[in-house]
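> show me the folded form of this:
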Amino acid sequence: MPEGDTVFHTATALRDALVGKTLTRCDIRVPGYATVDLTGQVVDEVLSRGKHLFIRVGPASIHSHLKMEGSWRVGWSGGAAHRVRIVLETADARATGIDLGLLEVLSRATDMAPVAHLGPDLLGPDWEPRTAADNLTADPDRPLAPALLDQRVMAGVGNVYCNELCFVFGRLPTSPVSSLTDPLRVVQRARDMLWLNRSRWNRTTTGDTRPGRQLWVYGRAGEPCRRCGTPIETDTDGERVAYWCPVCQS
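Residues are numbered from 1 along each chain as shown. Model prediction:
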């Protein structure tokens, strides 16, 4: 599932493949931008902002959001053509955007406008833990999971990290934010989790990268809690799937 660490890693891969090179092909397969052709322009920069990704090419900026199923792949040329949203090629590289939840071409001068509302980026130069903690506690009665997922609080946490953070701090996803004893420590742990995973695709929050041992509760419904052995419970009725240990979390 794409979260801030995935987007950061994706930006790194695209940066290594494209920056400083001239586009020899620009094929955008999205209504409204299909006629945009940046062939001949140099890719100057690739950056991530929370879950958003920007490829700055000449006067333009290609803005994408992976949403739930999207991805960018370098050197990939297979798969179903109807899933491809954009193809960028240089003399020696090819980047393909697949199933992107959002793709638009913006003016480079104002490309940050769509992300101006975001909170501090957990993996960005603007990261400020005290600001994030203040944002998190602004509504103390708000359930913890929606607060952690709110990108205006801090940018980069998705449902995997949300569930894992709730477990690590012993709180149910439905617990109010006011139940946290140290909100600053929560946002700092969120940053640590994403930072440690920013350079790998195989995400882990337990510190164990072996298959089946990477996560505390996410995706482990019915499996024993790694701390107490109680079966992990889940709720699939809400907008986001929740996982928790009924003993370790309250």
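
> what are the ranges of the helices in this protein?
For the chain, the helices defined by DSSP state H cover 4-18, 129-136, 144-149, 159-168, 183-197.

> next one: the nearest residue to R220 once chain neighbours are set aside from G97, what distance?
The spatially closest residue to R220, leaving aside those adjacent along the chain, is I232, at 4.7 Å (C-beta to C-beta, 6 or more residues apart in numbering). The C-beta positions use only the backbone N, C-alpha and C, and glycine is treated the same way. Distance of I232 to G97, computed by C-beta to C-beta, to the nearest Å: 35 Å.

> same check on V84?
With C-beta to C-beta as the criterion, V84 and G97 are 7 Å apart.

> which of the two has more residues huddled nearby?
G97 (26 against 18; other C-beta atoms under 10 Å).

> so what's the more buried one closest to, chain neighbours aside?
According to C-beta to C-beta, 6+ apart, the nearest residue to G97 is I86 (4.1 Å).

> name all residues that make contact with the one you found.
26-30, 62, 64, 96-97, 100, 103 (C-beta atoms under 8 Å, 6 or more residues apart in numbering).

> and it, how far from L14?
If you go by C-beta to C-beta, the gap between I86 and L14 works out to 11 Å.

> over to L215?
27 Å.

> same question, L196
L196 is 21 Å from L14, by C-beta to C-beta.

> so between these two, which is more surrounded?
More neighbours surround L14 than the other of L196 and L14, with 23 against 14 (other C-beta under 10 Å).

> contacting residues for that one?
46, 53, 55, 72, 74, 95.

> okay, and the beta partners of the spatially closest residue to it that is not a sequence neighbour?
Leaving aside its sequence neighbours, L14 sits nearest to V46 (C-beta to C-beta, 6+ apart; 4.6 Å). Note on V46: beta-bridge partners I55, judged by DSSP bridges.

> tell me, how many residues neighbour V46?
V46, neighbours per other C-beta under 10 Å, totals 23.
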